[in-house]
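Engineer: Model the following, please.
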Amino acid sequence: MNKIFFYTSVKIICIFLFIVSCSKGSPNQKEILALQENSNISDEEALYGIGRIIFRDPLKSFKAEKNSSEKLDVTIEYGGNRPTLLCRRNQSERIQFDTVRFILLYANAAKKRNLGNMRVSVVKPYYVKEPEAKKEVTEEFEVFRASISVSELEKITGWNNQKLLSDNRNINNPNVIETFNQGDYVGKLS
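Structural biologist: Coordinates of the predicted model:
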């Protein structure tokens, strides 16, 4: 009898935790909305906070500078701790897809906080064997970079389509890259 009660209790707790974890998708939107509307923080602080929410742990650096039109130009570097094998076709496609998606998500969330232009770089580690030191040294290099202005993005039809932006699994969805390619952007694969 105690085993049945124990297993039933465990199942109920697991179901409860599952429901709670599934409903945690909305706090990001609430946090972003709070940063968009918070007049007690500067635009730069809001843009950094939005970047932390969208890029999460892979965010490596963030810099914002005012341009001549008093808008903020943002430079973001993100990436993981694992090296990238660019010889794999789907790996480089995934990097480009994720970067474009992040740019569209960030621009959509940050345009209310004086965002002018943005440059996003994917930075990954590169392991170098040092024969004289007899150890491996980790250096980082830029794998991919894309730049675009919010004013150019706003000319693209459907650039802020939430259904399109939330589809992070389907890299074969040509609409994400096509949407970005309609704009005047600079992107390069290093």
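Engineer: Tell me where the model's unsure across this protein.
Structural biologist: The model of the chain has pLDDT under 70 over residues 1-27, 83-90, 127-131, 133-136, 162-190.
Engineer: So which residues of it form helices?
Structural biologist: Here the chain has its helices, by DSSP state H, at 2-22, 26-37, 43-55, 89-110, 150-153, 162-166, 174-181.
Engineer: now the angle between helix 89-110 and the third one, please.
Structural biologist: Counting by axes from the mean of the first three to the mean of the last three C-alpha atoms, to 10 degrees, helix 43-55 points 140 degrees away from the direction of helix 89-110.
Engineer: Which residues belonging to helix 43-55 are considered buried?
Structural biologist: By neighbour count with 16 or more other C-beta atoms under 10 Å, helix 43-55 contains the buried residues 43-44, 46-51, 53-55. Where you see a C-beta, it was placed from the backbone N, CA and C, and this is true even at glycine.
Engineer: So which of these is the closest to residue 123?
Structural biologist: Using C-beta to C-beta, residue 55 comes nearest to residue 123 of these, at 11.7 Å.
Engineer: I'd like to check which residues are in contact with that closest one.
Structural biologist: 76, 78, 102, 106 (C-beta atoms under 8 Å, 6 or more residues apart in numbering).
Engineer: Among those residues, which one sits closest to residue 147?
Structural biologist: Among the contacts of residue 55, and counting by C-beta to C-beta, the member closest to residue 147 is residue 76, at 10.6 Å.
Engineer: pretty sure the closest one is touching residue 50, no?
Structural biologist: No: taking contacts as C-beta atoms under 8 Å, residue 76 lies outside contact range of residue 50: 10.4 Å.
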